[in-house]
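Asks: Fold the following, please.
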Amino acid sequence: MALKGKKRTAPVTPAPSKKRKLQANSKPKAGLTQSRKGKERAADRGYIEVPGNHGGADTEDSDLSEEDAGLLEEFGDGAGFLNTLDRKGISTSKKETERLKQLNKPIRKSKVADDLPSIDSHDEDEEAWSSGIDDDADTISQSSVNDSDQDLSSENSLDSDAEMSYERVPRKVQDSREAKPDRHIQGLPIKSADGRIHSTGKKIAAPPSSDEEGDDMDESAEEQEMPIEVNKIDDVATGARFGRPAVIDIVGNKSRTARIQGAKDQIASICQEIIAEPENSVRTSPSRQPLGLLRRLHTFSQEKITSPSHPEPVLNNIVIRKLATLSQLAVFKDIIPGYRIRALTEKEKSEKVSQMVARTREWEQGFVLVYQNYLRSLEAELKAKSELAEVALKCMCTLATEVTHFNFRTNLITCIVARLSKKSWDEASDLCMNTLISIFREDQIGTPSLEAVQLLNRMIKERHFNVHPEVLTCLLHLRLKTELNVRASDSKVDKNIQSKSKAAARRAKGKPTEQPHLSKKAQKVLKERKEIAREMRDAEAEVDKEERANTHTETLKLLFVLYFRILKHPHPTPLLPAALRGISKFAHLINIDFFKDLMQVLKDLILRATPGGYPSDDSEAFGIDATTDIQHRLLCIVTAFELLSGQGEALNIDLTDFVNHLYAVILPVSTSMQVDASSPSAFVSKFGNSKSSSIADMLFRALDIVFSPRSSGNNMAMHWRSAAFAKRLLIASLNWPPNSALRALELVESLIAKDPKLEALLSTEDRRVDGIYLPEVDDPQLCHPFGTCFWELSLLQQHHYDSRVRDAARSLSNYTRS
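Replies: As a prediction, the model looks like this:
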């Protein structure tokens, strides 16, 4: 209880934890301090002993643990190489290493002589420093590592103010031109196809620094740096590439035989390599130039060859040029693809495509450029009329025939048509004509024919019809007569598709239609499918019937425009016969609305024709005489009958005038000496017989049409017409050669067989008739043919020199109806 009244003492407040830690660390450890004072530090030692068993040292002082000692004892034989190590060298401390380094530092001794440079020779800003140490200077002595006291005393004996030897050497003043660095950077070498490394020799000028620019401004014009000549390397088209000598080395050979033989060998090897792998010729050049082989082949066809290394032009041999031109023709015919290459659009260029597609596009675009350069060279030779003009024309005609589908077809046809624009005719004209005929006959889509007709139409119009008449002969080979009604595809039948308006009207009436009702979404899908189908047809090269019909229609329009322009020309032209032949051949395709006007034009041509020939200068140039005049009149008559023999039968057009003209022309024909001879043709065609019809052929062709069953009719005038023609034909047969006389007798016999009233003319007995026969009248209805008889048969069977004519006349005189 006594403790209850005593006051308790407050507990001692402990210091913060951080302070307690500092106080605890500040207390010195007596044992540790004592041990450090009594033991030397390892850094102060010169050498640190390698731990392990040393001679007589106790094993207890070893730092190895029992486990390491066991391993060393077990595998001691494998660690025997450690005993051969330099224990003193590997146990050197860091402090000892620094000391030895200072001892081994070289000591430079000063020279006695004072070789200080002059005070004006230390321009540090402009000139560079030079070491100036002579080769015979004293070598620097090195102190021994073991004698450390001697090294230290020698080091202390050096004077810190003494100048070194390089400080006393005078500085050398260099030329400012030598001090300027080279501003050109050497180009990288290239690796050829055979694996050899070649230096390009190209140097690229580096931009000068600001200090150099300031120095250049101070220099005069005479002290400016001379330009560096850069070695020029030949490109792939002229240089030594692909293991072949340079083109200019071959062409520049002094020996003509060696020059031609070397060109032959290289041209042959190039052509063989191109044909073997056409698309790989894109990457044959180390410099990545496309189609290097084709460009190299084209170099041989140039008149003058130059190269970067040989800027002076070297004249090429004409034989080498011909060989190269014809070789390019053979190569292009072989490697030209079967489709037309078009230029890529911007959208297609920006598209990301595969590597194969990119390579194909690169080859196509480069190939078109090379092909274009070849055609330009051919056109230049043709216009210049050089020694290669004939070869160039043959190459262009061959390309127009063989690769009509490819690019630059219009350019080829333009050059061919331009060659036909002169009045004279030669072998080159025959070649051009045969080329156009080949294009017309082999045309499947109609577009090449349309382009050729357009060019011919424009050329004839610009020349004012002063061209050779044979030019229009090729138009007779157009496939307009049969192609307009032929199916475009042999795999399916063409059907007449109803229009949308007619189909909608039939659906409104509840009738079935071929086109069902489609929603907007279905119509969109159908449109996309049609687009896909069209692309598939283009890929399959299938001819579209509608497109071909439109093309043929445009061709037909241009053709008839050309023909009608020739017919309505105010002065007769030599092109009139060809135009009339073309109208008669394509008469079934002429619009029936033009028939009456066309018939009137033909009548005017017949009336305008005179037996004396054309008075114009053009007629004299082409040799138009009376015989040609008769041919023109017969052609007009035949054309009129051809027009009305087909769809013109539906028209009620009177042909009496043409019949009278035909009757009147028989007597002039009888006096012609060339009735059986064909008109001379300068054109030599390779598509069969190119001879035009003779006067007799056209005459009997017109007579066959006049007396055909469709045009004869049953009126009474036909009796007088048949008798009048029969009588005049027998009169003309007295002067005709045997072939024409036989044809006249056959026609008279057919007329007698058709009309029994003509049998009265075979009898020579007197009979009663109305009127007297008037042989000089040119109207068959007014000449009174029944007032005479066929007395010409008696002369033919008795006095004609040909036995066939005599037999035919005797047979006709004894004619009896069976």
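Asks: who touches Asp265 in this structure?
Replies: Residues near Asp265 by C-beta atoms under 8 Å, 6 or more residues apart in numbering: none. All C-beta spots, glycine's among them, are computed from the backbone N, C-alpha and C.
Asks: State the pLDDT value of Lys264.
Replies: The score at Lys264 is 91. That number is its pLDDT.
Asks: can you give me the strands for the protein?
Replies: 184-186, 190-191, 197-198, 203-205, 304-305, 314-315 (DSSP state E).
Asks: Could you dump these into a markdown table and include mean pLDDT, mean neighbour count and distance to Ile445?
Replies: As requested, the strands of the chain are arranged in a markdown table below (pLDDT from 0 to 100; neighbours: other C-beta atoms under 10 Å; distance: least, C-beta to C-beta, whole Å):
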| stretch | mean pLDDT | mean neighbour count | distance to Ile445 |
| --- | --- | --- | --- |
| strand 184-186 | 70 | 12 | 58 |
| strand 190-191 | 80 | 12 | 48 |
| strand 197-198 | 79 | 10 | 51 |
| strand 203-205 | 66 | 12 | 54 |
| strand 304-305 | 86 | 16 | 41 |
| strand 314-315 | 87 | 13 | 45 |
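Asks: of the ones you listed, which approaches Glu362 most closely?
Replies: Among the strands of the chain, the nearest to Glu362 by C-beta to C-beta is strand 190-191 (20.8 Å).
Asks: Direction included, what does that closest one pair against?
Replies: strand 197-198 (antiparallel) (DSSP bridges).
Asks: Let me see the residues that make contact with the partner strand.
Replies: For strand 197-198, using C-beta under 8 Å, 6+ apart, the contacting residues are 189-192.
Asks: In CSV, list these along with distance to Val417.
Replies: As requested, the contacts of strand 197-198 are arranged in CSV below (distance: C-beta to C-beta, whole Å):
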residue, distance to Val417
Pro189, 53
Ile190, 48
Lys191, 50
Ser192, 47
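Asks: hmm, back to that, export the strands of the chain as a markdown table, with columns for distance to Arg529.
Replies: Putting the strands of the chain into a markdown table (distance: least, C-beta to C-beta, whole Å) gives the following:
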| stretch | distance to Arg529 |
| --- | --- |
| strand 184-186 | 61 |
| strand 190-191 | 53 |
| strand 197-198 | 58 |
| strand 203-205 | 58 |
| strand 304-305 | 56 |
| strand 314-315 | 62 |
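Asks: Tell me which of those strands lies nearest to Val357.
Replies: Closest approach to Val357 among these (C-beta to C-beta): strand 190-191, 28.0 Å.
Asks: still on that earlier bit, go through the strands of the chain and name the closest to Glu462.
Replies: strand 304-305 (34.5 Å).
Asks: Wait, Pro577 touches Glu470, no?
Replies: No: counting by C-beta atoms under 8 Å, Pro577 does not reach Glu470; the two are 10.4 Å apart.
Asks: And the contacts of strand 197-198, which is closest to Arg721?
Replies: Distances from Arg721 to the contacts of strand 197-198, taken as C-beta to C-beta, are shortest for Ser192 (90.7 Å).
Asks: which stretches of the stretch 201-350 of the chain form helices?
Replies: Assigned by DSSP state H, counting those that start in this stretch, the helices in the stretch 201-350 of the chain fall at 210-218, 247-251, 256-276, 292-299, 318-335, 346-350.
Asks: Give me the angle between the third one and helix 292-299.
Replies: I take that to be helix 256-276. 150 degrees (axes from the mean of the first three to the mean of the last three C-alpha atoms, to 10 degrees).
Asks: Buried ones in helix 256-276, by neighbour count?
Replies: 259-260, 262-264, 266-267, 270-271, 274 (16 or more other C-beta atoms under 10 Å).
Asks: Just put these in TSV and tack on distance to Trp363.
Replies: Formatted as TSV, the buried residues of helix 256-276 follow (distance: C-beta to C-beta, whole Å):
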residue	distance to Trp363
Arg259	32
Ile260	32
Gly262	29
Ala263	26
Lys264	27
Gln266	23
Ile267	22
Ile270	17
Cys271	18
Ile274	12
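Asks: Tell me which two of the residues you listed sit farthest apart.
Replies: Top of the distance list for the buried residues of helix 256-276 (C-beta to C-beta): Arg259 and Ile274, 22.5 Å.
Asks: can you tell me which residues contact Ser255?
Replies: By C-beta under 8 Å, 6+ apart, the contact set of Ser255 is empty.
Asks: Ramachandran coordinates for it?
Replies: phi -80, psi 120 (degrees, to the nearest 10).
Asks: And the pLDDT for it?
Replies: pLDDT, read off for Ser255, is 88.
Asks: Use 14 as the first number from now on
Replies: With the count now opening at 14, the last piece we talked about shows up as Ser268.
Asks: That one and His323: what is the separation?
Replies: Remark: distance between Ser268 and His323 (C-beta to C-beta, to the nearest Å) = 19 Å.
Asks: same question, Asp768
Replies: From Asp768 to His323 the distance is 90 Å (C-beta to C-beta).
Asks: Dump the helices of the stretch 214-363 of the chain to TSV, plus distance to Gln378.
Replies: Conversion of these to TSV gives the following (distance: least, C-beta to C-beta, whole Å):
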stretch	distance to Gln378
helix 223-231	44
helix 260-264	25
helix 269-289	17
helix 305-312	13
helix 331-348	15
helix 359-363	10
